[in-house]
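Got a sequence here, can you build the structure:
(one chain, ligands or ions: 1)
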Amino acid sequence: MNTLLTTLMISIMSYTMPKLPYANNALEPVISQQTIDLHYGKHFQGYVNNLNNLVPGTEFENKSVEAIVASAPDGAIFNNAGQVLNHTLYFLQFSPKPAHSEPTGKLTEAIKRDFGSFDNFKKEFTAASVGLFGSGWAWLSEDKEGKLIITKETNGSNPVRHGLNPLLGFDVWEHSYYLDYQNRRADHINALWSIIDWDVVGSRFK
Ligand code: MN
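Residues are numbered from 1 along each chain as shown. Predicted coordinates:
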């Protein structure tokens, strides 16, 4: 096979980074440019590169990231696919100037129904994020019936693993906040609420 064709095929089958919908310094002071440069530019890119290196020649070739996270056995392919999915959802859920400070549309009603109020949801989600032991993620997801649920995932896992549809995810790996907040994870979590793009989160709710 000629080189051009090989290159083309590799590029068709490869997993890619989403382009950030904001400048690398636009989320300051909540998330610094240095953290975005490293978290998005190095950590996230690393997971994408790893997945592209691991998948060819396996049963997961040509499978979507979601399909891999749902079905791969524990191990390197699952870990890296999980982190590709996690960070795709994570980096696309922020805005430097969100149009709304709270959920809108049908997500508002569902949050009221399942958590009592938006304030109470924030309290529960913050507690899940702050209280997660070690590296992992806190997620707001919907189950098959459209009921909202807060879950914690360790390391690189994602709610898709459990048949849930993830809407909002907070990364509590130290790489996500340590440069800006050091050990003050709670301060980082509390600051994140001001840059959530609720239009994006709401658009994930089916
Ligand atoms: Mn991360």
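
can you tell me the distance between the two ends of stretch 51-67?
Start-to-end span of stretch 51-67 (Cα to Cα, to the nearest Å) is 13 Å.

If we go by neighbour counts, what in that stretch is buried?
Across stretch 51-67, burial judged by 16 or more other Cβ atoms under 10 Å covers Leu51, Asn52, Leu54, Val55, Phe60, Lys63, Val65. For every residue, glycine as well, the C-beta is placed using N, CA and C.

looking at it, the first one is touching Val84, isn't it?
What it means is Leu51. Yes - applying Cβ atoms under 8 Å as the test, Leu51 and Val84 come out as touching, 5.6 Å apart.

Now the common contact residues for those two.
Tyr15, Val65 (Cβ atoms under 8 Å, 6 or more residues apart in numbering).

before we move on, back to that, closest to Glu102 among the buried residues of stretch 51-67?
Val65 (29.6 Å; Cβ to Cβ).

Could I get the contacting residues of the closest one?
So Val65 contacts Tyr15, Leu51, Ala81, Val84, Leu85, Thr88 (Cβ under 8 Å, 6+ apart).

Look up how far Tyr47 lies from it.
Separation of Val65 from Tyr47 (Cβ to Cβ, to the nearest Å) stands at 10 Å.

What of Trp173?
The value you get for Trp173 to Tyr47, if Cβ to Cβ is used, is 11 Å.

Of those two, which one has the most company?
For Trp173 versus Tyr47, neighbours defined as other Cβ atoms under 10 Å are more numerous around Tyr47 (22 against 18).
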